[in-house]
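In: how does the following fold in three dimensions:
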Amino acid sequence: MTIVENDATLVSPSRRRGRPRAFDRDVALAAAGETFWRLGYEGASIADLTAAMGITPQSLYAAFTSKADLYREALEQYRREEGAAAGRNLAGKGHVVEVIGKLLRASAHEFTRPGRPKGCMISTAVLTCAVENQAIASHVSALRSETLALLEARFRQGIADGELRADTDAGGLARFVGAILQGMTVQAQDSAGEADLLPIAELAIAEVGRHRQPSG
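Out: So this is what the prediction gives:
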């Protein structure tokens, strides 16, 4: 039976039966996630994925149903682990300008950590793709939109709490910070180090700080 990489539903009945899987699913998923992160969704072939995961194509399809479903699971694992710090930063206590500052400085560090792919796995993922992969592109776009919504909500809370001026454009400021994060991801992928990204973060923090409500 021919395996089609982009078929999101292809699973033969024989793959649902047989011996139990002889591999650690979470470990294999982490290996797949790093491969997707490094090569991109379309760039990572089934051969690349199975080599990294240490399993056969048949085992991949039996455990994860399809390449598309494997990618979705890998994205969720990334959000729970590497990506969780951003959510914690945004939910943290403190003045909104300091919260955003912590997020941007931490991103400059995380995007350039040695020993793993650079940048954010989600920020610039699947920006263009073949027509048959549009569902995946839409899924990743929705994840980015969730991040923008969290940023906007934090800015709106800052306005409500009197931390930011009442005329602050919360949506525009959220998109500004989102664009900075995406730009830092691209530069990290182009070999920029933490020392290169931190000045970008500081300039963005200064811009957000311009909206601070004057004390007194």
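
In: residue contacts, the residue lying closest to Leu127 once chain neighbours are set aside?
Out: Among residues not flanking Leu127 along the chain, Ala137 sits closest, at 7.6 Å (CB to CB, 6 or more residues apart in numbering). Glycine gets a C-beta too; all of them are placed from N, C-alpha and C. Neighbouring residues of Ala137 by CB atoms under 8 Å, 6 or more residues apart in numbering: 126-129.

In: Ala192 versus Ala137, what's the distance?
Out: 26 Å (CB to CB, to the nearest Å).

In: ditto for Ala68
Out: 31 Å.

In: likewise for Glu146?
Out: Distance from Glu146 to Ala192, by CB to CB: 26 Å.

In: the more surrounded of those two?
Out: A side-by-side neighbour count of Glu146 and Ala192, using other CB atoms under 10 Å, places Ala192 first with 19 against 13.

In: wait, a strand at the more buried one?
Out: No - Ala192 is assigned coil when assessed by DSSP: H, G, I helix; E, B strand; the rest coil, not a strand.

In: what's it in contact with, if anything?
Out: Ala192 touches 112, 184, counting by CB under 8 Å, 6+ apart.

In: backbone dihedrals for it, please?
Out: phi -70, psi 140 (degrees, to the nearest 10).

In: what mean pLDDT does whichever helix in the chain runs longest get?
Out: Longest helix of the chain, by residue count under DSSP state H: helix 134-160. Helix 134-160 shows a mean pLDDT of 96.

In: in the following helix or strand past it, what's buried?
Out: Reading on from helix 134-160 to the C-terminus, the next helix or strand found by DSSP states H and E is helix 170-189. By 16 or more other CB atoms under 10 Å, the buried positions in helix 170-189 come out as 170, 173-174, 176-178, 180-182, 184-185, 187-189.

In: quick check: chain neighbours aside, which residue is closest to the spatially most central residue of the chain?
Out: Nearest to the mean C-alpha position of the chain, counting by CA atoms, centre = their mean, stands Ile122 at 2.7 Å. The shortest distance from Ile122 to any non-neighbouring residue, by CB to CB, 6+ apart, is to Leu143 (5.3 Å).

In: who touches that neighbour in this structure?
Out: Contacts of Leu143 (CB under 8 Å, 6+ apart): 75, 79, 122.

In: what about it, distance to Arg105?
Out: 23 Å.

In: try Val177
Out: For Val177 relative to Arg105 (CB to CB), the value is 13 Å.
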